[in-house]
Structure formats: C-alpha cells, structure tokens
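Student: A structural model of the following input is requested.
(2 chains)
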There are 2 protein chains.
Amino acid sequence: MPKISNRGDLLPESSIRKLVPYAEKAREQGKKVIQLNIGQPDIKTPPHAIERIRNFNFELIPYGQSYGNDSYRKKLAQYYRNRKIDVEYTDILITTGGSEAISFTFMICFNPGDEIIIPEPFYANYRSFAVGTDVVIKPIASHIEDGFQLPSISELEKVISPKTKGIFICNPNNPTGYLYSREELEQLRELVLKHDLYLISDEVYKEFVYDGFQHHSVMELPDIEDHVIMIDSVSKRFSACGIRIGSVVSRNKHIISSILKLGMARLCPPILGQEVAEAAVDSPPEYMEEVYNEYLRRRNYFINALNEIPGVYSPMPRGAFYSMVRLPVEDSDHFCQWMLEEFEYNGSTVMLAPASGFYSSDDSGKNEVRVAYVLNVEDLKEAVACIREALKVYPHRTPDAEG
Amino acid sequence: MPKISNRGDLLPESSIRKLVPYAEKAREQGKKVIQLNIGQPDIKTPPHAIERIRNFNFELIPYGQSYGNDSYRKKLAQYYRNRKIDVEYTDILITTGGSEAISFTFMICFNPGDEIIIPEPFYANYRSFAVGTDVVIKPIASHIEDGFQLPSISELEKVISPKTKGIFICNPNNPTGYLYSREELEQLRELVLKHDLYLISDEVYKEFVYDGFQHHSVMELPDIEDHVIMIDSVSKRFSACGIRIGSVVSRNKHIISSILKLGMARLCPPILGQEVAEAAVDSPPEYMEEVYNEYLRRRNYFINALNEIPGVYSPMPRGAFYSMVRLPVEDSDHFCQWMLEEFEYNGSTVMLAPASGFYSSDDSGKNEVRVAYVLNVEDLKEAVACIREALKVYPHRTPDAEG
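Tutor: Numbering: from 1, shown residues only, chains lettered A, B, ... in the order given. Down below sits the predicted model:
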C-alpha cells in the first residue's frame, strides 16, 4: 500500500468541524445543539439574489470565463471603488470562495518552504492552505489581554528570516474580531517594502466594523501595488456561504495573470453562485443596514453577557462576528467535547470551537474558545445560560479563576 | 517587487483557452467562430435538473457538508453500483469539479518531486494541476498511427524510477478518445502492485463509449483497493459544466479521510450545483440515450468527414467526444491562430486546440490538433468545409502531405 504524502499527514483536522460527530450524537439523544462553532449566519440571503436563481431560464449551464463573469467583475469593481478601493475589474479574479483565493495566492506567491508571518491566533484553515501548498507559517503571538492587537513592528521584524516571503493578515480578524488601524497598516507597509515581502489581507468581514471605527483596506496603501493582494468573499457579506464565490484582487498584473493560469486549469468558478453573487451586489442599502444592525445587537448582547459569567473574559471585538473567549477551564478541547457529550441545560447544549485549532504554537490558547455570534439574540441567550450552568458543574474548572 | 513562485513561472497557459483573444477579435470582425477547441457541449442540461434550481425555495444558502450532501453521495453510489462499480457512499467525496478532485488527489498522494506517469498526449490541464502541487509528470508516448493505444507494459516499466509514485490515466481518453481494454487495465494493475504505485483514473467520459465496446473502470479491478482512485464529474455526463460538481472515489479510507481534510479547509462544494447534480442523477434513461445517440451521430459524421479532407487523418475514437487529428501543416499552433486571424469561409472560421498543449515532450504533435465534436451536425458540417478550404490556402502546408 503506497504511503500518502507528508501534506496528507500534516494537514490538521478542522478544529471547527472535528466536533461534528459529537454534535450529531447529541442531536440523536434529543438535545438542541446551539452552534457557535462555525461562522454560518442564520441571516437571510438577499431575497432578490435567491429570486435570480429561481428565474434561471437557460437550458444549458455551460462553462463560464476562467476569470469570472465580466458583468460580475465590473459590479464588484464598482462596489470596491465605492469603498475607497480604487481598482479596475481586470484587477479582480472571481474564485470558488475565499478558500480558493487563498490557495491560489499561496501557490503563486510562494515556493515550497517559503515562510509567511501570520499573527496568532489565526483562522484555522489557513494552516491547511499552507500545508497543501508547502508554505511554512511563522506565527507571531497576539494576546487576549490587550484585545489581540498587532504585535509591535519590532516583534514582527524579529520573525523575518531570509525565507520570509510574506505577511498575511485577516482584517477585521477571524477569530479575534481585531480591527487593524490605519497606522498599523502603514507600519506593515514599511516593513513589507523594506524586506520585499508580499502583504496579503483577508478582508471578507470588512462590512462588519463597529463602534464608529473604520475599516482600512491594504488596497488603500500607496505605492505598494505590486506587494498587495486582497482576499474577499461574498459568503458572510450576503449570508451566502454555500454559493462558494470569492475573489482575489491585486494591482500586480503578473500575480493576476499567474493566478489566472491556475484559474484556467480549473476552468471556471461556479456559474449559479456567480448569478447569486452578482444580484447580491445590488442589494439595497436597507439589506446591509439591517444585517449590520443585527450583528451589532448580537455582539453587544453576547459579549457583555459572556463577561458577566464568573471566570469568563472576552475582549469587545471591533469587527467581524467572532470573539476569542477565555474560560475558567484547563483544556478547552475537553470542555467543548464534554459540552456535547455530557452536558445539557433545559434540553440544550452549545457547540464551541476550541481555540487550539487557531494557534499554531503548542499549548497557546488552551483555555480559550472561539465563538461566532451568528445566531439570533434568543438563541444567544440560551447559549449564555448553557455556558454559565456548564461552568458551574464542569469537573475540570481551573481553581484560580473560580469565584 | 517580490518574485512570484517557480510554480507561477512553470504553469502553462491553457492551450485550450489561449486563443480566446484571437477568437474575440474574429467575432468583432463579424466572423462566426465555430468552437471545436473546448469540450463545451451544446446539449441541454436535463430539464428537470434546471427545474430543481428554479424551484429553490430556501431563504438562506448556507455551507453544506465538506464531503458533499449525503443525499447526493448516496444517489451517486447507487449510480456507480448500477455500473459495476461497487462502492459505498462513504467512499465518495463530492468536489468542486473534477479539477478539484485531481488537485486534491495529487496533494494527498504525492510529495513535491514525486513522479507520475501519464500516457501522452494528455489533457492539458493535468500539467497545471501537477505544477500547482509540485508533482512531476513523466509522459510516455502513445501515437496517432496506432490509435493512441496504451504503450506496452515493458515501455511503461522503463519509465518507472525510485521517484515514481503513480500512474494516471484518462479512460475514455481526452484528448484521444482511446478506450482502455480490460486486459490493459489488468496489466496496469500488475504493474501498480509490483511497484507499489497509485493508479488514478479520470473517468468523466465513461458514459460515452461507442461501437459496442465496453468501459471498464479501475474500480472493478480486484484486490487493489488501496491503490486505486477514480476521478469523476457530472460536467459532461449531464452537460452541466458550469455547476462545478465532481467527485473523488476510493476504497482507501486513509486517502478519503486525508482528502476530506483539504475538503474541510475549503468548507464545502457548491450547494446550488449539488442540487442540479443530484436531480440530474435521476435523469430518465431517455435523456442519456438521446445524448449518447447525438454524440455518436456527431462522431460518425465528423471523423469520417475529416478523413476525407486530403492530408487529414484522425483515428476513429472509441469513447469521449474528442479526437486528435493530424493536419498537413508544419505547426498547428500557427495554423490555429491563422484560422482565427486570417481566414474565413462563408463568414465563418473554426477554433481548434493546438495539440502542443497536450504533449509534454517538445515538438510532439506539432502537426496535430484536438477537436471536440460537441456541436450539432450542421455546425460540424460548416466546420469541415472551413477546415477543408483553409487547408487549400494555408501558406505553411507541409509538402509531403499534399495531394
């Protein structure tokens, strides 16, 4: 029997999804499982975008262009320009989700063994994309105590080696909700120019920024066009995760034409999803406003309520719809599994994502979980009650955090 | 400005799609461009599968399971079982097209630098998938003179080195239309067992086999379960290329669970496409029969008509809907571009795929093109007339093939 590849061995199980079998068992036992482990919003997809699909009146679903439909690329370029991101539609390639955008970017920007720096904790699947393309992630720690702010540039510079080829950020951040300031982006710009690195920014949550703060895209940074690549997706913006439509954006023509060669090999992004995405871009401002207000309401309720549970701490996230939460437990992997296997409160339990999958350094975040506040406030209330009661009876609660 | 990766440099331009700008110019000049360069059928998608999308009545398009919808996997397993491929639905992962199935398989089965043997000519995009995953293709020549039959096993064995980890075939073959006999598959089985290799088979055209011949899947081979991986897609079977739904099938649990780790990172295959694919599996036999008969009619007309053009030769393909055609020209790349730029006949011209992209050895197939007989007979008649007239006036016709 032939051996599988090192990549196959090294690929992590998705920490977000690996508890799925326990959740299924819990459901079979009749428990309601409140899912805060995955960024799957319960918000409606824009109705007129679904309508577009219901009106689909072609007899044949053929290949589309490898770079995506021009009509959609043009709308998306206008969407970006309305948000201070001055790009042409030819700077945009439509991809099969943000996932493909990241994998393709890694394949084209980095050789096997090249290193990229990512502030930690980071979205667990980045590790899979890196392993799949033989890129090495060098994490740089950010900490819950200061709200996961970007480590100082001198800290970042210490990690740079001759093999370092890029810095990869997520802004606003999944899993921490951290929002990068304009000053931090300027500092990253200097660093990237000084060391001739790529600056890749996953900005799929850019519409979700709270408390009067403003999102700044890496695409706004001047005179660094050839270094900067933006990753985007409509999954969260329009609550349409299942259509698998993302994009990769860069003013570096060579990057775009090289990624397009990968795009040509996989023929085209999904045609039906593009129909939905293109319609969704024309969503009325009221749709986005309503969605925004709903996430704001959820954040305000949920983070405050969590912080009222003894021993629990979460910074107030400034963006996206996640937070890293510190729990008074020794091992959040065990706690999350225990919640599904052993615990219920009023017939419900909560599915959380253990933080371990979001850290690449061993033992970091052992007492943290990631929560996604993607459910309505009623469900969140039930979740808070569950977590509060669970922590009262969980047998491996840490003594120092009690009381 | 940072350098792009070696992968980015090495990736080929799609030979199938690189003539697109010339075709666009030809159209702007008012020419009708008959497209035989790409396997984009003009056949209708099963109407009830389109109807499924038109009846889509959910308010939200969420993530699906990373392995694909169970309901679809179960139907697909039954579909395979009806065709002598005895698999469970858990042996199947749904992928974003056959393309993703191949990329994922390469990532999981092979380390960077590992070699795979592929009979040449081969589907041009295999090269891109190999470059993207740092796998090295060792081609083994098959020849138009004997209808591109599999080289003898002793020839194949000569190419095996300590770095060889797999043999990859396409059956029935794109671009040659070659169909592997049961005996050839048995020989491959022996070879694969002897050298402990993977045997990967792209069988997306398995429904299109003519002249009373029968398709044999590698999945039918006994006692080789852990070595065998089948690549599949509904794109061509149901004329639904744009939905991007494929699958990877293996009884090797370790392979499937490892590919699933990549699948989890990219979250899920397209949800809307899966709806169409699942409905399409239930297509009435009349649909498949009609489609089959249509391709048979096209093949019979087109290949015979091509062979009547002086200097032109095509074997009669036994499967799929492609053929490699030898033309009396020095350089088919030049000829194909010239057809679009310089030639027209009754207001039309033909877009062909130069064979160079299907060969990895230099200068092989310089006087061959790949044709896809995916258009109706009327269009094919016009195409034949164009090619015949073009070869009369093409300035770089080879002297030896004249008359």
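Student: what residue spans form the domains of chain A?
Tutor: Using automatic domain parsing, the domain parsing of chain A gives A:6-44+A:286-394, A:47-281.
Student: for B:Leu188, find the nearest of these.
Tutor: domain A:6-44+A:286-394 (23.2 Å; Cβ to Cβ). C-beta coordinates here come from the backbone N, C-alpha and C atoms, glycine included.
Student: that closest one near chain B anywhere?
Tutor: Yes. Against chain B, domain A:6-44+A:286-394 shows contacts by Cβ under 8 Å from any Cβ of the partner chain at A:6-9, A:11-14, A:17, A:38, A:40-44.
Student: may I see the PyMOL selection of the buried members of those residues?
Tutor: Selection of buried members from the residues of domain A:6-44+A:286-394 next to chain B for PyMOL, criterion 16 or more other Cβ atoms under 10 Å in any protein chain shown:
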select buried, chain A and resi 7+8+11+12+14+17+38+40+41+43+44
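Student: where do the strands of the stretch 1-150 of chain A begin and end?
Tutor: Here the stretch 1-150 of chain A has its strands, by DSSP state E, counting those that start in this stretch, at A:32-35, A:92-95, A:115-120, A:136-141.
Student: among these, show me which one is buried the most.
Tutor: Highest mean neighbour count among the strands of the stretch 1-150 of chain A (mean count of other Cβ atoms under 10 Å in any protein chain shown): strand A:92-95, with a mean of 27.
Student: ok, and what's touching that one?
Tutor: Outside strand A:92-95, the residues that touch it by Cβ atoms under 8 Å, 6 or more residues apart in numbering or on different chains are A:67-69, A:72-73, A:76-77, A:80, A:101, A:104, A:245-249, A:256, A:259-260, A:263, A:269, A:274.
Student: can you lay out the domains of chain A as CSV showing mean pLDDT?
Tutor: Below are these laid out as CSV (pLDDT from 0 to 100):
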stretch, mean pLDDT
domain A:6-44+A:286-394, 95
domain A:47-281, 97
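Student: pick the most deeply packed of these.
Tutor: Buried most deeply of the domains of chain A, by mean count of other Cβ under 10 Å, is domain A:47-281, with a mean of 21.
Student: coming back round to it: which ones, among the contacts of strand A:92-95, also lie beside chain B?
Tutor: Restricting these to contacts with chain B (Cβ under 8 Å from any Cβ) yields A:Pro269.
Student: tell me if stretch A:182-193 is near chain B.
Tutor: No. Using Cβ under 8 Å from any Cβ, stretch A:182-193 never reaches chain B; the gap is at least 8.8 Å.
Student: starting at the chain centroid, how far to that stretch?
Tutor: Here stretch A:182-193 is found 22 Å from its chain centre; the criterion is Cα atoms, centre = their mean, to the nearest Å.
Student: after the lengthiest helix in chain A, next one along is what?
Tutor: Ranked by residue count, the top helix of chain A under DSSP state H comes out as helix A:285-307. Next in sequence after helix A:285-307, counting helices and strands by DSSP states H and E, comes strand A:322-326.
Student: can I get that following strand as CSV, trimmed to CA atoms?
Tutor: What follows is strand A:322-326, C-alpha atoms only, in CSV (Å, rounded to 0.1, in the frame of the first residue of the first chain):
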residue,chain,number,x,y,z
TYR,A,322,-16.3,36.3,16.2
SER,A,323,-14.6,36.6,19.5
MET,A,324,-11.9,34.6,21.4
VAL,A,325,-13.2,33.9,24.9
ARG,A,326,-11.2,32.9,27.9
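Student: between it and helix A:285-307, how many degrees?
Tutor: Angle, strand A:322-326 to helix A:285-307, by axes from the mean of the first three to the mean of the last three Cα atoms, to 10 degrees: 0 degrees.
Student: ok now strand A:322-326, how far from the chain's centre?
Tutor: Here strand A:322-326 is found 13 Å from its chain centre; the criterion is Cα atoms, centre = their mean.
Student: can you check stretch A:77-96 too?
Tutor: On the basis of Cα atoms, centre = their mean, stretch A:77-96 sits 20 Å off its chain's mean C-alpha point.
Student: so how far is chain B from the residue nearest to A:Leu221 when sequence neighbours are not counted?
Tutor: Of all residues not flanking A:Leu221 in the chain, A:Arg189 sits nearest, at 4.8 Å (Cβ to Cβ, 6 or more residues apart in numbering or on different chains). A:Arg189 sits 14 Å away from chain B, going by Cβ to the nearest Cβ, to the nearest Å.
Student: A:Arg189: helix or strand, and which one exactly?
Tutor: Going by DSSP H and E, A:Arg189 is part of helix A:182-195.
Student: mind exporting that helix as CSV, just the C-alpha atoms?
Tutor: Written as CSV, here are the backbone C-alpha positions of helix A:182-195 (Å, rounded to 0.1, in the frame of the first residue of the first chain):
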residue,chain,number,x,y,z
ARG,A,182,-4.5,52.8,9.6
GLU,A,183,-1.3,53.4,11.5
GLU,A,184,-0.7,49.6,11.9
LEU,A,185,-1.3,49.1,8.2
GLU,A,186,1.2,51.9,7.4
GLN,A,187,3.7,50.2,9.6
LEU,A,188,3.1,46.9,7.8
ARG,A,189,3.6,48.7,4.5
GLU,A,190,7.0,50.0,5.6
LEU,A,191,8.1,46.5,6.7
VAL,A,192,6.9,44.9,3.5
LEU,A,193,8.7,47.4,1.4
LYS,A,194,11.9,47.2,3.5
HIS,A,195,12.1,43.4,3.2
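Student: re the thing from before, and the longest helix of chain A, what other elements does it pack with?
Tutor: Counting contacts by 3 or more Cβ pairs under 8 Å, 6 or more residues apart in numbering or on different chains; DSSP states H and E, helix A:285-307 packs against strand A:322-326, helix A:377-393.
Student: let me know the angle separating the longest one from helix A:285-307.
Tutor: Between the direction of helix A:377-393 and that of helix A:285-307, the angle (the same axes, to 10 degrees) works out to 20 degrees.
Student: who touches helix A:377-393?
Tutor: With Cβ under 8 Å, 6+ apart as the test, helix A:377-393 has contacts from A:34, A:36, A:42, A:297-298, A:301-302, A:305-306, A:309-312, A:327-329, A:335, A:339, A:343, A:345-346, A:348-350, A:373, A:375, A:397.
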